[in-house]
Structures are given as structure tokens and as C-alpha cells.
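> My questions are about this predicted structure, shown below with the sequence.
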Amino acid sequence: MKFKVKLLDRRDVAEGTKAIFFEKPPAFSFKAGQYCDFTLVDPPETDAEGNVRTFSLAGAPFEDRIMIATRMRDSAFKRVLAAMPIGGEIQMEGPMGSMTLQNDASRPAVFLAGGIGITPFRSIIANAAHEKLPHEIWLFYSNRRPEDAAFLGELGDLEKQNPHFRLVGTMTGMENSKQKWNGETGYIDGEMLKRHLDDIAKPIYYVAGPPTMTMAMRVALNGIGVDDDYIKSEEFAGY
């Protein structure tokens, strides 16, 4: 379905990353982890990348606003989105996508996120806490620095709220950070997963991030014995 939705608010959720909030149409519903296409309406500028972008819905279904989150790089679409006045309209089409939590709560769900790939998982994790779902959920979340990690503090709070959720943050560029970090360092790989997970073969794995990351994760998972049938992936390119 297509909707015209009004911009309600913007806020920083990491260095160079903003959460953007739109009104939620009464007729709109979605599953945590799904995405929509967003199209600028009569933008004042455009470029070769066009006026449409696909964004995961970072907000959860129970929340009263539509939320997306994006790196604010220098493209015409992002410039128009950053300058759009509160109350300005954008076209939203959807929801779409199958990056949703499995029904089978007997298998753990393991989320592997790089950078802005956190957005569908933020939706699922917030929804799981709100609905008090029985699923065991693990999130391995890789960023260069804590400053770059969108929703990191909120995810820590959700870990305290939900006894079935575990957060494993890891940083790959702490030499450039001004913050302290006591968690994992280095890229997510098979050895890191084996340190934290009791049974590597049992979970269903969900991967979201840049194409190079999703490909590397699939290779790593296959390398420790995870069958492709238990891996779901979604690529976030150019965001």
C-alpha cells in the first residue's frame, strides 16, 4: 500500500546517523523487521541515485510513530531529507520483507548486525521485549567505535528488561575512539560466536549489513557448520 506520511521529528542516534520519525497512518501495520520504500515528493534537487530509498522500519509495531534510521551521507536524497521541514510529506510504500523473527521459539535467534544494519533488529528486539516473547535472542553488533553504534544505549536497556535477550557489542576501530569500551573487539567471526553460543548448529541466524559483511558472515557460519537453511540475510548498500 502507498501512503503520504508527514515528518514529525529527527534526532541523532550516533555520529552521522539520524533517526527520522513520521506519522503512522491508521491503516498501516507491519511486522517487526520489515521495510518500506520512501519516495521524495517534488524534491528541490535530485541526482543519479534517484528519489527512492528502501529503509527498514527501525520502530516497533506497537510504537505510535514510523521510525527509520540512516547515515546522513552527502547525496541529494539525504540532503533533501535533512532539510525537509517538520510537517513535510514523503510517500511510503509497503511493508515488505521477510527479515522477521521465526515462529519457532525452541530455536534461539542470533542477529549479526554491522553498522546501520541494526535497524530491523532494533524493531524485533524492542517488540520482543514489549510482547514478552519467549524466544532466546542474541545480538552480535559490530561498529568501528561506540560513537558510531546507533541505539547502543537503548539496546543495553532492552537487555536489562528482557531476560531472554543478550547483547554482544564489538568494535573494530577503538584506536580512533574517545570513549571507553569493555566489550569485544574485532570483527564478528566463527570464533567469537563459539565463545558465546553453547550450540552453534541450533540457532537461526539473521545477518544485516553491507554486502561484504553479509557475504563474510555466511562464509563464517558455513565454516563452523551452520547450514544455509538456517541463515537469513539482508544487505544494506550505500546507506
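Everything's here; your move.
> what lines up beside the helix or strand of the chain with the lowest mean pLDDT in the sheet?
Ranking every helix and strand in the chain by mean pLDDT, DSSP states H and E puts strand 231-235 at the bottom, with a mean of 90. Using DSSP bridges, the strands paired with strand 231-235 in its sheet are strand 204-209 (parallel).
> would you put the C-alpha positions of the partner strand in CSV?
Provided in CSV are the C-alpha atoms of strand 204-209 (Å, rounded to 0.1, in the frame of the first residue of the first chain):
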residue,chain,number,x,y,z
ILE,A,204,18.5,-19.4,13.2
TYR,A,205,20.9,-16.7,12.1
TYR,A,206,19.9,-13.3,10.7
VAL,A,207,22.5,-11.1,9.0
ALA,A,208,22.1,-7.4,8.1
GLY,A,209,24.8,-5.0,7.0
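> Following element in sequence after that strand, please.
Using DSSP states H and E, the next helix or strand after strand 204-209 towards the C-terminus is helix 211-223.
> Kindly confirm my reading that residue 178 is in a helix.
No - under DSSP: H, G, I helix; E, B strand; the rest coil, residue 178 sits outside any helix and is assigned coil.
> tell me the angle of the least confident helix or strand of the chain relative to helix 211-223?
Angle, strand 231-235 to helix 211-223, by axes from the mean of the first three to the mean of the last three C-alpha atoms, to 10 degrees: 170 degrees.
> contacts for strand 231-235?
With contact meaning C-beta atoms under 8 Å, 6 or more residues apart in numbering, strand 231-235 is reached by 56, 97-99, 117, 120, 204-211, 214, 217-218, 221. For glycine as for every other residue, the C-beta is placed from the backbone atoms N, C-alpha and C.
> Stretch 178-192 too?
By C-beta under 8 Å, 6+ apart, stretch 178-192 touches 112, 114, 140, 142, 145-147, 168-172, 174, 200, 216-217, 220-221, 223-224.
> same deal with stretch 204-216?
So stretch 204-216 is contacted by 56, 99, 102, 104, 107-121, 142, 187, 217-218, 221, 226, 230-237 (C-beta under 8 Å, 6+ apart).
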